[in-house]
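Colleague: Attaching a predicted model along with its sequence, questions to come.
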4 protein chains.
Amino acid sequence: MSPAAGSRRDLLIDTALEVIVEYGVAGTTHRRIAAAAGVPLGSTTYYFADLHDLLGAAFGRFADEISERFETRLARARTVAEAITEVTGFMLDDFQEPRDLALSYELYAYAIRRPAVKCFVEAWFARSQQALARFFDPVTARLVDTFIEGVFTYRGLARESSDADEIRQALSRLIGIDPSGSRE
Amino acid sequence: MSPAAGSRRDLLIDTALEVIVEYGVAGTTHRRIAAAAGVPLGSTTYYFADLHDLLGAAFGRFADEISERFETRLARARTVAEAITEVTGFMLDDFQEPRDLALSYELYAYAIRRPAVKCFVEAWFARSQQALARFFDPVTARLVDTFIEGVFTYRGLARESSDADEIRQALSRLIGIDPSGSRE
Amino acid sequence: MSPAAGSRRDLLIDTALEVIVEYGVAGTTHRRIAAAAGVPLGSTTYYFADLHDLLGAAFGRFADEISERFETRLARARTVAEAITEVTGFMLDDFQEPRDLALSYELYAYAIRRPAVKCFVEAWFARSQQALARFFDPVTARLVDTFIEGVFTYRGLARESSDADEIRQALSRLIGIDPSGSRE
Amino acid sequence: MSPAAGSRRDLLIDTALEVIVEYGVAGTTHRRIAAAAGVPLGSTTYYFADLHDLLGAAFGRFADEISERFETRLARARTVAEAITEVTGFMLDDFQEPRDLALSYELYAYAIRRPAVKCFVEAWFARSQQALARFFDPVTARLVDTFIEGVFTYRGLARESSDADEIRQALSRLIGIDPSGSRE
DNA sequence: TATGAATGAGTGTTCATTCAT
DNA sequence: GATGAATGAACACTCATTCAT
C-alpha cells in the first residue's frame, strides 16, 4: 500500500464515520462518503470491496479509538480510587457527544447481524476488561465495564442520567469498597 | 376503527418488528413488511403515513412490551431481595434472545435521530425507574436501571457476560446491602 | 340531480379549477380536490366517472365563464370604437392574473389530446367571434379574436407586453380604421 | 463530454420532446422516455438530475429550434413585404402540425409554474421581436409577434383559422401599410 | 345515496456495483 | 492504479379506481 493510497483509504474510513454520525448506517452510501471526503465515487469501491467492507473498517477504527482512549485514561491511575476517577472521567469527559454515542449505538445495531463487526465490539469490551484488570478481579472488571456500558446508554437516551458523584459512588459500591476508602 | 382494520394495523406493527429483527432497520422496507405480513404493499402506506411512521409505531409497541414485562416482574416482588431476584430474572429470562436484544440496539440507533422515537425510550427508562422506586430511592433506582442496560449490551455483544450470581451480587452491592441480607 | 348533489358537484368543479391553478393539471388529483373542497375522497368519483370527467367539467365551466365575461363586455358597446375599448378592457382588466392565464394555458395543453375538451375551446372562440360579429365582418372578427389570444399569451409569458394604447392602436389597424376614427 | 455521452443526452432530450407530443407533460415519465429512446431507465437520471431537469432541457431545445427557424425565415426577407411573406410562411408552413403546436401549449402551461422554463419562452419571444426589428419599430415588432402567437393558438384550437391571404392582410394592416404596398 | 376502506399499478429517484479505459 | 460512465434492481410513496356497506 503506497502512502498516497493508504492516506486516501484512511480518509475514506474517517469520513465514513462522519457520515454515519450524520446520517446513520441506513443513510450511509458510497456517494455520501465520496462527496464528504472529496474523492471520486469510484475510489470507494476501489479501496473497499463493498460498502460493508468500508463500514466494517470504519467501525473497527472507531472501536480501536475508544479502546485506546480508555487505556490511556486508566494508564494514569495508580490506585483503585484513581481508577474510579479515571473511569468516571472517561465516561463523562472523553466520550464525545453526540458523535461517540451515535457511533456506539449504530455499531451495536450493525454488529448484531455482522459477525466480523461483532468481533470488534467483543475485542473492545475485552480490552476494557483487561485494562480494568490491573485494579480489579476479572469478575469485578467485567461488572464495572458492564456498568460503564449502561451509563453510555443512559447518557444518550434517558431523560436524566447519573452525575459524576453518583457514578463514582456506584462504582465504589460495585467494587465492594467504601466510596471514601483508600485502596483495593 | 373496525376490528378488521385494527387487526391489520396491528399485524403490520408486529410484522415490522419481526422484519427489523431479521434485517435491521436499514433492511426494513415496505415490501418486506407487506410480504411477511401477507398483505398488499399498498396497505402499508394506507395505514401509516410513511415508513418512519410504521417503524415508530413498531418501536413504540416494543418499548411498551418491555416496560410491561418489567413491571409485571417487579409486581411480584415484596422485599428488596425479591426485587433483586426479579430484576435478575428479567434480564436473564424475560429478555428474549436474539429478538429483544436486536430490537433494543436497533431502537437505540434509530432513536438518536428521531426525537419522537427517542421519547419512547425515555418513557421506557422512566417507567423502569418508577417500578424500581417501590424498593429503592430514585438515585439508586436509576443506577440499577443503568446497570440493567449495561447487562443487556454485554449479553448481546460481549464474549461473555455475567451470570445470575454475579448479577445478583452486583445488584446487591449497587444498592448498598449485603448480598445475602434481607431488609425491608 | 338533487340540489344538495348539484351543489356538491358544483363545488367540486370550482375546486378543481382552483387546484389546477395551484398545481397544474399534472398535479391535480382526486385527493387534492377533495381535500381543498372539504369533501370525502369518495365523492369525487361518485359525481364524476373519473378524473378526466371532472377536469373536463371544470374546463367547460371555465370556458363558459370567460365567454360570458367577454359577451357582457361587448354588450355594453354601441359603436366600433366602444367595441375596441371593451375588448381592450377585457384583455387588460377582466382577465385575472394569474388564475385565468394559468387556466387558459392548462386548458389549451389539455385540449390538444382531448377532443371533448377541445370542443369547449372551439365553442369559446366561436362565441367570441360571434360577439365580435356585431361590429365586424366574420373574417375581421376572427382576426381580432386571434389577436386577443396572442395578447393573452404575451401577457403571461413575455418579458413585456403591449399596453392599452398599443393594443387599442393595433386593434384599430387590424379592423382597418383610423385609430381616432368614428365608426365602422 | 465524449461524443457518445453527448449523443445519448441529446437523444434523451429529443425523445422527451416526442413523448411530450404524444402524451403531454402530464404523461411524460422517465420510463416512457427511456423506452422510446431505447436506453436503460437509469440513464435518464444519470444524465439529468430529475425529470424537470430533462423536461426543462427539452423545452429549451424546442424554443431554440423555433427561434432558429423564425430567424432563418426572416433572414431571407429584404423588404417589409417579403418579411410579411416570410412570417406568414413561418406560421403556416414551418410550424409543424401537431408537433409544434402541442409542444407550444405544453411549454406554456409548464412554464407558468417554472421560472427557469419561463425564461426560455421569454427568450424565444425576445428573439422573435429582435428578428422582426430589422423591419419594424419595436412596438410594431411586438405587436406582430403577439399576433403570430394568436395565430398559433387559433390554428391548433379553433374550428377555423385564418388562411394565408387573411393573415397577410392582417399583418399589413397591423404594421400600418397598404397590403399591396411596397416600401423597403 | 354516499363513503371509507382498500389495492395494484406505476412514479420519481437512489444507489451498489461493474467495467472499460 | 484509479475513475468516470453506466445500469438494473429496488425503494418510498402516490393515486385512480373499485367496492362493500
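Modeller: Good, I have the coordinates. Numbers count the residues shown, from 1 in each chain, chains lettered A, B, ... in the order given.

Colleague: Low-confidence bits of chain A, can you list those?
Modeller: A:1-6, A:178-184 (pLDDT under 70).

Colleague: for it, what's the longest helix?
Modeller: When chain A is parsed with DSSP state H, its longest helix is helix A:51-75.

Colleague: hey, where'd the helices end up in chain A?
Modeller: A:3-23, A:30-37, A:41-47, A:51-75, A:80-89, A:99-112, A:115-132, A:138-157, A:164-174.

Colleague: And these: which comes nearest chain C?
Modeller: Closest of those to chain C is helix A:30-37, at 29.1 Å (criterion: C-beta to the nearest C-beta). Where C-beta positions appear, they are placed from N, C-alpha and C, glycine not excepted.

Colleague: who's in contact with A:Ala131?
Modeller: With contacts defined as C-beta atoms under 8 Å, 6 or more residues apart in numbering or on different chains, A:Ala131 is in contact with A:70-71, A:74.

Colleague: Buried among these? Make that a PyMOL selection.
Modeller: A single PyMOL command selects the buried members of the contacts of A:Ala131 (16 or more other C-beta atoms under 10 Å in any protein chain shown):
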select buried, chain A and resi 70+74
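
Colleague: for the longest helix of chain A, which positions count as buried?
Modeller: Neighbour-count burial for helix A:51-75 flags A:51, A:54-63, A:66-67, A:70, A:73-74 (criterion: 16+ other C-beta under 10 Å).

Colleague: other SSEs contacting that helix?
Modeller: The contact analysis (3 or more C-beta pairs under 8 Å, 6 or more residues apart in numbering or on different chains; DSSP states H and E) places helix A:51-75 against helix A:3-23, helix A:30-37, helix A:41-47, helix A:80-89, helix A:99-112, helix A:115-132.

Colleague: Just the residues contacting it, thanks.
Modeller: A:12-14, A:16-17, A:20, A:25, A:28-30, A:33, A:44, A:47-48, A:83, A:86-87, A:89-90, A:94, A:100, A:103, A:107, A:110-111, A:114, A:116-117, A:120-121, A:123-124, A:127-128, A:131-132, A:134-135.

Colleague: care to break chain A down by domain?
Modeller: Annotated domains of chain A cover A:1-48, A:57-174 [automatic domain parsing].

Colleague: and of those domains, who's closest to DNA strand F?
Modeller: Closest to DNA strand F of those is domain A:1-48 (C-beta to the nearest atom of the strand; 2.9 Å).

Colleague: what separates the nearest residue to A:Val117 once chain neighbours are set aside from B:Val25, distance-wise?
Modeller: Take A:Val117 and drop its neighbours on the chain: the residue closest to it by C-beta to C-beta, 6 or more residues apart in numbering or on different chains is A:Ala111, 4.6 Å away. Computed as C-beta to C-beta, to the nearest Å, the A:Ala111 to B:Val25 distance reads 14 Å.

Colleague: And for A:Leu41?
Modeller: A:Leu41 is 25 Å from B:Val25, by C-beta to C-beta.

Colleague: Could you do A:Gly89 as well?
Modeller: A:Gly89 is 33 Å from B:Val25, by C-beta to C-beta.

Colleague: thinking again about what came up before, tell me which of the domains of chain A is the most buried.
Modeller: Of the domains of chain A, the one with the most neighbours on average (mean count of other C-beta atoms under 10 Å in any protein chain shown) is domain A:57-174, at a mean of 20.

Colleague: next one: that domain to chain centre, how far?
Modeller: Averaging C-alpha positions (C-alpha atoms, centre = their mean, to the nearest Å) puts domain A:57-174 7 Å from its chain's average.

Colleague: From the opening residue of that domain to its closing one, how far?
Modeller: 35 Å (C-alpha to C-alpha, to the nearest Å).

Colleague: cool, and stretch A:127-137?
Modeller: Note: stretch A:127-137 ends 14 Å apart using C-alpha to C-alpha.

Colleague: Tell me who's in contact with the closest residue to chain C within chain A.
Modeller: Closest residue of chain A to chain C, C-beta to the nearest C-beta: A:Gly27 (28.4 Å). Residues in contact with A:Gly27 (C-beta under 8 Å, 6+ apart) are A:Val19.

Colleague: Check the one 4 residues further on too.
Modeller: The neighbours of A:Arg31, taking C-beta under 8 Å, 6+ apart as the test, are A:Leu41.

Colleague: wait, isn't A:Phe48 in contact with A:Leu12?
Modeller: Yes. Applying C-beta atoms under 8 Å, one finds A:Phe48 in contact with A:Leu12, separated by 7.2 Å.

Colleague: Which single one of the buried residues of helix A:51-75 is nearest to C:Glu160?
Modeller: Using C-beta to C-beta, A:Leu51 is the member of the buried residues of helix A:51-75 that lies nearest C:Glu160, at 54.4 Å.

Colleague: Report the separation between the residue most central in space within chain A and C:Leu92.
Modeller: With distances taken as C-alpha atoms, centre = their mean, the residue of chain A nearest its centroid is A:Ile66 (3.9 Å). Here the criterion is C-beta to C-beta. By it, A:Ile66 lies 73 Å from C:Leu92.

Colleague: what's the answer for A:Ala83, then?
Modeller: As for A:Ala83, its distance to C:Leu92 is 87 Å (criterion: C-beta to C-beta).

Colleague: out of everything not next to it in sequence, what's closest to the residue of chain A found nearest chain D?
Modeller: Closest contact between chain A and chain D, by C-beta to the nearest C-beta, is at A:Leu41 (12.2 Å). Spatially, and ignoring its direct neighbours in sequence, A:Leu41 is nearest to A:Ala34 (4.5 Å; C-beta to C-beta, 6+ apart).

Colleague: show me the contacts for that neighbour.
Modeller: When contacts are counted by C-beta under 8 Å, 6+ apart, A:Ala34 touches A:40-41, A:43-44.

Colleague: and of the residues you listed, the nearest to C:Asp165?
Modeller: The shortest approach to C:Asp165 among those belongs to A:Leu41, at 59.6 Å (C-beta to C-beta).
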